[in-house]
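[1] Have a look at this prediction, sequence included:
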Amino acid sequence: MSDDLDALRGETAEALAAAADLRAWDAVRVGTLGKSGRLTGLLKGLGAVPAEERRERGAALNRLKAELEAAIEARRVSLEGAALEARLASERMDVSLPPRPHAPGGAGEGGIHPISRTIEELTAIFGAMGFRVAEGPDIESDWLNFSALNIPEHHPARQDHDTFYLPAGADGRRPVLRTHTSPVQARTMLGQEPPIRVICPGRTWRADHDATHSPMFHQVEGLVIDRGITLGHLKGCIIDFLRAFFGIGDLPVRFRASYFPFTEPSMEVDIGWNRKTGELGKAKGGENDWLEILGSGMVHPRVLANCGIDAREWQGFAFGMGIERITMLKHGMPDLRPFYESDLRWLRHWAADPLAPPSLTEGV
Ligand code: PHE
């Protein structure tokens, strides 16, 4: 075997071993097997070899060619394997970890504000009862906030609401920041035919500020309009909601006669709690203390008429409650003001996990 073939074999093996990546490997391949590669050159030179040596040298060159092709291919496979290993190592992930750091509001992680969380929870509960969500604007006409709801111009109930009035529009009437979510009842009845089953969560406004009142707060309204709706439906719906929301299966619920201009009869709803400990539920071995939690009643026939619904055919009930209030009661929060102070310590403490939306099967 000629020395030049041995040299080519040895040098190619060295060059392949030194090729650290596919680009260097390709240079070796081209420099050996390419059009002007070293082996190709030797093959081309065969013609100049004396006839008696040509046969033997030809066979030797072909063996070397097969050998070098195999060595070059083997190096490609090993370099590609190493490149993949390196990528896997640098992009390593631990599939046994939870999808995100579990701590709500943890480092760099967002959390769900307790008000949003309560809205999600009550939407899940009422959603399961067949309600859909309706919305209305914060800036409302005087007519929808009051008059349509049977609170005429000089009615004393208007004074109870500590209303924020805005400058008068072209019609000379002053719009208001809605004082309750009840105008969304009127909007819904004006906008669709019964049967109706909606809840209307949203912001509401009253000029009032202390530990349990904020000028901006949230309410959720409920409205059901159908044929043959009775006080029994109202009671069943509200009792079921309160027990599901607070997660107390035997939560005592009391209905107490009251007055709202837009419902008749009207009822305030109380739940059982322990005045001393603030704990909700059945009193253990004593009388229940009662805590007022929401307003409700059968929709007044005049409200139905104002909204174009024939009260001889359709009846219904409505209710409204404060979202901050039920959130504070559910979680034992003493003060309403931190809800809007954007204090990260408070938010991190009370925020809900964004990846665990409320579900009825797990109990909201
Ligand atoms: N809108 C009433 C309030 O803000 C609550 C309510 C709603 C009462 C619906 C009865 C029916 O106090």
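    That came through, no problem.
[2] Quick check: which element contains the most far-flung residue of the chain relative to its centre?
    Most distant residue from the mean C-alpha position of the chain: residue 52, 85.3 Å away (CA atoms, centre = their mean). Using DSSP states H and E, residue 52 sits within helix 51-90.
[3] Quick check: mean pLDDT of the helix or strand just after that helix?
    Next in sequence after helix 51-90, counting helices and strands by DSSP H and E, comes helix 114-128. The predicted model gives helix 114-128 an average pLDDT of 96.
[4] Tell me which other helices or strands helix 114-128 touches.
    Counting contacts by 3 or more CB pairs under 8 Å, 6 or more residues apart in numbering; DSSP states H and E, the secondary-structure elements packed against helix 114-128 are strand 196-205, strand 216-226, helix 231-246, helix 323-331. The C-beta positions use only the backbone N, C-alpha and C, and glycine is treated the same way.
[5] which strands and helices sit next to whichever helix or strand comes after the shortest one?
    On the C-terminal side of helix 323-331, the closest following helix or strand by DSSP H and E is helix 344-350. Counting by 3+ CB pairs under 8 Å, 6+ apart, no packing neighbours are recorded for helix 344-350 among the helices and strands.
[6] For helix 344-350, output the C-alpha coordinates as PDB.
    Once side chains and other backbone atoms are set aside, the C-alpha atoms of helix 344-350 remain, and they are given as PDB (Å, rounded to 0.1, in the frame of the first residue of the first chain):
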ATOM      1  CA  LEU A 344     -48.700  44.700  47.900                       C
ATOM      2  CA  ARG A 345     -48.500  43.000  51.300                       C
ATOM      3  CA  TRP A 346     -52.300  43.000  51.600                       C
ATOM      4  CA  LEU A 347     -52.700  42.000  47.900                       C
ATOM      5  CA  ARG A 348     -50.200  39.100  48.200                       C
ATOM      6  CA  HIS A 349     -51.900  37.900  51.300                       C
ATOM      7  CA  TRP A 350     -55.500  37.900  49.900                       C
END
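[7] mean confidence for it?
    Averaged over helix 344-350, pLDDT sits at 91.
[8] tell me which residues of it are tucked away?
    Taking 16 or more other CB atoms under 10 Å as the neighbour-count basis, helix 344-350 is seen to contain the buried residues 346, 347, 350.
[9] Centre of the chain to the helix or strand of the chain with the lowest mean pLDDT, how far?
    Sorted by mean pLDDT, DSSP states H and E, the helices and strands of the chain end with helix 157-160, the least confident at a mean of 75. Averaging C-alpha coordinates over helix 157-160 and over its chain gives two centres that are 37 Å apart (CA atoms, centre = their mean, to the nearest Å).
[10] How about stretch 268-281?
    In terms of CA atoms, centre = their mean, the centre of stretch 268-281 is found 31 Å from the chain centre.
[11] buried set for that stretch?
    Counting neighbours by 16+ other CB under 10 Å, stretch 268-281 gives 268, 269, 270, 271, 272, 273, 274, 280, 281 as buried.
[12] Work out the gap between stretch 282-301 and the centre of the chain.
    Remark: stretch 282-301 is offset 32 Å from the chain centroid, using CA atoms, centre = their mean.
[13] That stretch spans what distance, first to last residue?
    Using CA to CA, to the nearest Å, the end-to-end distance of stretch 282-301 comes to 36 Å.
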